[in-house]
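[1] Need the 3D shape of this:
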Amino acid sequence: MRCRYSTCVLLLFALFSARTVAGEEVRLVPSLTLQEEYNDNIFFTATGEKRAFISSISPAVGLSGRSERLDARLTARLDGLLYEGNGSLNSIDQAYSGRLGYRLTEMVQVGMDGRFTRESRPDRSIESTGLVEAIKSSRQFYGISGESVWSEKTMSSAAYSFERVDYDDREDLDSQSHTATLGLVHQLGFHLPGLNGRGNLGFNRNLFSTTTVDSFSATIGASYALHELWSATADLGGRYTRSEVRVARLSPQGIENEEQTTNDTGWLANVALSYRGELSSGNLVFLRNVTVASGFGGAAERTALVLGLNRRLSFELSARISAGYYLNQSEQGEFSNQAIDETTFRINPSLRYEFSPELAVEASYQYTRISYSLSDREAGQNRFLIRCFASLPLFE
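    Numbering: from 1, shown residues only. As a prediction, the model looks like this:
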């Protein structure tokens, strides 16, 4: 907690120091979101689904400052959730984040990130991981990064981040993650100025109550602006993963804990295709890596394909559709002390009408289906919601 408050103090000091720098830009934006939702399977259970109307009110505030060298941002949001007929599920979720970027010289810049969230919704991680987290949790994230330009064609980067997740009354599900990366980008040729080659080295350590997973990775790839509308990136490589897992075994003396060490290799990928036009935009992303399986007390090999499409139908009206397919797998003793094998599919169309840049209303529907292969069961969820946004930018 002390680190979280120290980060906020540093960012606030940087923001208000920016007022003395030429070319400053300071913005304060309070906002309010009201949402009404119907959810027919809150906990993604295969039988005995729990349904509810959920009302939420979310006040938020954003503070940002920008100058020739500084780019700093702070945001804070509260989500008050009210479940009709299920008062025990009512909650006040929280989200705070900060970002500080500073250009030391024309060739070197550094950045710092911090986030803290207190969350209760079981579907809070569906869009990023495809997994359900049925227990309330607190999540902390801190990161530092730097970039250095060596020449007109070459630049390098380095980053380190720490993330911690604590679950209410379930210490066995808690996790800590340390991630460090080194990257190099080089422009490849005169005939294709938009083509950049790149390489990355990474190390990740995931710590759980019964499992330690260390993963070393190396990728090579490229990014290319096909023309003004299309761009593509691709990073492909391999990993070496070492896992130390404490597994419960049945013996003549009863249940005993056995230490099991596993060495594993595999391939990983991060491929993206993007389009950005005057009225339409979209992206298609494919990911594969070993990462934390939130809510399981271990890690899993995740393969994901995510699509997002946007279309402006008129000046005020726009449509969006997003979809995702996620496969999370781990054999018992491989990256976790329990086996994981879940497949998730979701699709989410929505319409948004903007009365002004500060006032908008949105209606959306999301369908999600999860296949629990180990138990040979499936769970589906339908969410219908409508939300209203209002903001009031200040100091502009």
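[2] before we move on, what SS does P59 have?
    Per DSSP: H, G, I helix; E, B strand; the rest coil, the secondary structure class of P59 is strand.
[3] mind checking which helix or strand the most centrally placed residue in the chain is in?
    Nearest residue to the geometric centre of the chain (C-alpha atoms, centre = their mean): S128, 5.4 Å. Here S128 sits within helix 126-129, counting by DSSP states H and E.
[4] distance of the residue nearest to the centre of the chain from W150?
    Applying C-beta to C-beta, to the nearest Å, the value for S128 to W150 is 34 Å. Every C-beta, even on glycine, is put in place using the N, C-alpha and C of the backbone.
[5] Distance from stretch 176-184 to the middle of the chain?
    Stretch 176-184 sits 16 Å away from the centroid of its parent chain (C-alpha atoms, centre = their mean, to the nearest Å).
[6] Name the surrounding residues that touch it.
    With C-beta atoms under 8 Å, 6 or more residues apart in numbering as the test, stretch 176-184 has contacts from 154-165, 198-207, 292.
[7] swap in stretch 373-383?
    37-42, 44-46, 49, 123, 339-343, 364-372.
[8] Over to stretch 41-56?
    33-40, 79-86, 89, 122-123, 132, 134, 368, 370, 372, 375, 377-382.
[9] repeat that with 6 Å
    Stretch 41-56 is contacted by residues 35-40, 79, 81-84, 86, 122, 132, 134, 370, 377, 379, 381 when judged by C-beta atoms under 6 Å, 6 or more residues apart in numbering.
[10] Can I get the buried part of those as one PyMOL selection?
    Selecting only the buried entries of the contacts of stretch 41-56 in PyMOL, with 16 or more other C-beta atoms under 10 Å as the criterion:
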select buried, resi 35+37+39+79+81+83+122+132+370+379+381
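[11] List buried members of the contacts of stretch 373-383 by neighbour count.
    With neighbours counted by 16+ other C-beta under 10 Å, the contacts of stretch 373-383 contain buried members at 37, 39, 41-42, 44, 123, 339-340, 342-343, 364, 366, 368, 370-372.
[12] Among these, give me the pair with the biggest separation.
    The two members of the buried ones among the contacts of stretch 373-383 with the most space between them (C-beta to C-beta) are A339 and S364, at 34.2 Å.
[13] Who are the packing partners of the helix or strand harbouring A304?
    Using DSSP H and E, A304 maps to strand 298-312. Strand 298-312 is packed against strand 280-293, strand 317-330, with contacts defined by 3 or more C-beta pairs under 6 Å, 6 or more residues apart in numbering; DSSP states H and E.
[14] Redo those as CSV? Include distance to L182, mean neighbour count and mean pLDDT.
    Below are the helices and strands packed on strand 298-312 laid out as CSV (distance: least, C-beta to C-beta, whole Å; neighbours: other C-beta atoms under 10 Å; pLDDT from 0 to 100):
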stretch, distance to L182, mean neighbour count, mean pLDDT
strand 280-293, 17, 19, 96
strand 317-330, 27, 18, 97
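[15] Same list, the ones you listed, but as JSON lines with distance to S58 please.
    Output for the helices and strands packed on strand 298-312, formatted as JSON lines (distance: least, C-beta to C-beta, whole Å):
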{"stretch": "strand 280-293", "distance to S58": "26"}
{"stretch": "strand 317-330", "distance to S58": "20"}
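[16] To G98, which of those strands lies closest?
    Nearest of the helices and strands packed on strand 298-312 (C-beta to C-beta): strand 280-293, 22.4 Å.
[17] That closest one packs against which elements?
    Packed next to strand 280-293, using 3+ C-beta pairs under 6 Å, 6+ apart, are strand 254-276, strand 298-312.
[18] Quick check: which ranges of the stretch 201-350 of the chain have low pLDDT?
    248-256 (pLDDT under 70).
[19] 80 instead, please
    227, 246-258, 333 (pLDDT under 80).
[20] likewise the stretch 51-200 of the chain?
    Looking at the stretch 51-200 of the chain by pLDDT under 80, you get 189-193.
[21] go again using 70 as the cut-off
    191.
[22] Could you check how far the helix holding S128 is from the centre of its chain?
    8 Å.
[23] Dump it to PDB, restricted to CA.
    Taking C-alpha atoms only, helix 126-129 is exported to PDB below (Å, rounded to 0.1, in the frame of the first residue of the first chain):
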ATOM      1  CA  ILE A 126     -13.000 -12.600 -19.300                       C
ATOM      2  CA  GLU A 127     -11.900 -10.200 -22.000                       C
ATOM      3  CA  SER A 128      -8.200 -10.500 -21.100                       C
ATOM      4  CA  THR A 129      -7.800 -14.100 -20.000                       C
END
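[24] Give the pairing partners of the very next helix or strand once past that helix; include direction for each.
    Of the helices and strands lying after helix 126-129 in sequence (DSSP H and E), the nearest is strand 137-149. Note on strand 137-149: by DSSP bridges, its sheet partners are strand 108-119 (antiparallel), strand 154-167 (antiparallel).
[25] For strand 137-149, list every residue counted as buried.
    Buried residues in strand 137-149 (16+ other C-beta under 10 Å): 137-143, 145, 147.
[26] Any chance of CSV for these, columns distance to Y325?
    CSV is the format used below for the buried residues of strand 137-149 (distance: C-beta to C-beta, whole Å):
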residue, distance to Y325
S137, 25
S138, 29
R139, 24
Q140, 29
F141, 26
Y142, 31
G143, 28
S145, 30
E147, 33
